[in-house]
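J.: I'll drop the sequence and a predicted model, then ask my questions.
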Amino acid sequence: MIRVNSLAHVYDKGRRLKFPCWEIGDMEQWLLLGASGSGKSTLLNIISGLLKPSQGAVLINGTDLYNLPVRGLDRFRGRHIGIIFQRPHLIRSLDVLDNLELAAVMAGLPIDHERNRSLLADLGIGDLAKNYPDQLSQGQLQRVSVARALVNKPDLLIADEPTSSLDDENANQVIKMLTTQAKDNGAALIIATHDARVRDHLTKTYLL
């Protein structure tokens, strides 16, 4: 269960954003919608534990993210939240499998080689385990990003504008991949988007 309570954030120049309360049940799938500048990325960063809000709380299964010490927050995020950014943030000097294993190491968890290879196989890139990021297409990089986000069996999977630069066919594939993988891995899902094509696939909506 994820709860967003009375959140607000004030930027250095004085701009203030307020966010309605939000409750996300186990394995629920939500769209986060809003015009450019409405605060979607800010809210995602707050829910992800990357940006401390000026006011309010984010609770994941009863744990208040911003009551944790910095190191504890980093570890909690690594174990409970999987993030898929608009651009893949993979380490270029590590192969695909090593990028997945690093996610477990950073969260202080044991490496599960069998699960990592199974995730890659489920996403259709099992044969790329020993390839490096520079050797992959954009579509393959995105699939690796999904696998890495799922490595530690997170309670919450977050995707930020995952279809913004894709054609219709690839956009549909990515949406299906995210919704299916979240369900199969027991994770709640938030997709932040302004892409109208995504709206047909998820019924729950949080609008800014």
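T.: Here it is on my side, so go on.

J.: Report all helices and strands that the longest strand along the chain contacts.
T.: Longest strand of the chain, by residue count under DSSP state E: strand 2-10. For strand 2-10, the packing partners by 3 or more C-beta pairs under 8 Å, 6 or more residues apart in numbering; DSSP states H and E come out as strand 16-19, strand 22-24, helix 40-47, strand 55-60. Glycine gets a C-beta too; all of them are placed from N, C-alpha and C.

J.: low-confidence ranges in this protein?
T.: Along the chain, segments meeting pLDDT under 70 span 165-166.

J.: now the helices for it?
T.: All helices of the chain, identified by DSSP state H, fall at 40-47, 70-80, 96-106, 113-122, 138-150, 168-184.

J.: check contacts around the nearest residue to Asn99 once chain neighbours are set aside.
T.: Nearest residue to Asn99 in three dimensions, chain neighbours excluded: Leu90, at 5.1 Å (C-beta to C-beta, 6 or more residues apart in numbering). Contact partners of Leu90, counting by C-beta atoms under 8 Å, 6 or more residues apart in numbering, are Asn99, Pro133, Leu141, Val144, Ser145, Arg148.

J.: let's go with 7 Å and repeat that
T.: Asn99, Pro133, Leu141, Val144 (C-beta atoms under 7 Å, 6 or more residues apart in numbering).

J.: With Ala107 instead?
T.: Ala107 touches Arg75, Gly78, Arg79, Asn152, counting by C-beta under 7 Å, 6+ apart.

J.: is it true that the third one touches Asn152?
T.: Right, Arg79. Yes. Between Arg79 and Asn152 there is a contact under C-beta atoms under 7 Å: 5.4 Å.

J.: The two: which has the busier surroundings?
T.: Asn152 (22 against 18; other C-beta atoms under 10 Å).

J.: gap between that one and Arg87?
T.: Distance of Asn152 to Arg87, given as C-beta to C-beta, to the nearest Å: 21 Å.

J.: picking that back up, just name the most buried of the helices and strands packed on strand 2-10.
T.: helix 40-47 (a mean of 21; mean count of other C-beta atoms under 10 Å).

J.: name the helices or strands packed onto that helix?
T.: Judged by 3 or more C-beta pairs under 7 Å, 6 or more residues apart in numbering; DSSP states H and E, the packing partners of helix 40-47 are strand 2-10, strand 156-160.

J.: so what's Pro110 up against?
T.: Here Pro110 is in contact with Ala104 (C-beta under 7 Å, 6+ apart).

J.: Now render the contacts of Leu90 as TSV, adding neighbour count and distance to Arg3.
T.: TSV is the format used below for the contacts of Leu90 (neighbours: other C-beta atoms under 10 Å; distance: C-beta to C-beta, whole Å):
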residue	neighbour count	distance to Arg3
Asn99	23	31
Pro133	18	36
Leu141	17	33
Val144	25	31
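
J.: Let me know the closest of the residues you listed to Glu23.
T.: Lowest distance from Glu23 to the contacts of Leu90 (C-beta to C-beta) belongs to Val144, with 31.5 Å.

J.: Which residue is the nearest non-sequential neighbour of that closest one?
T.: Val96 (5.4 Å).
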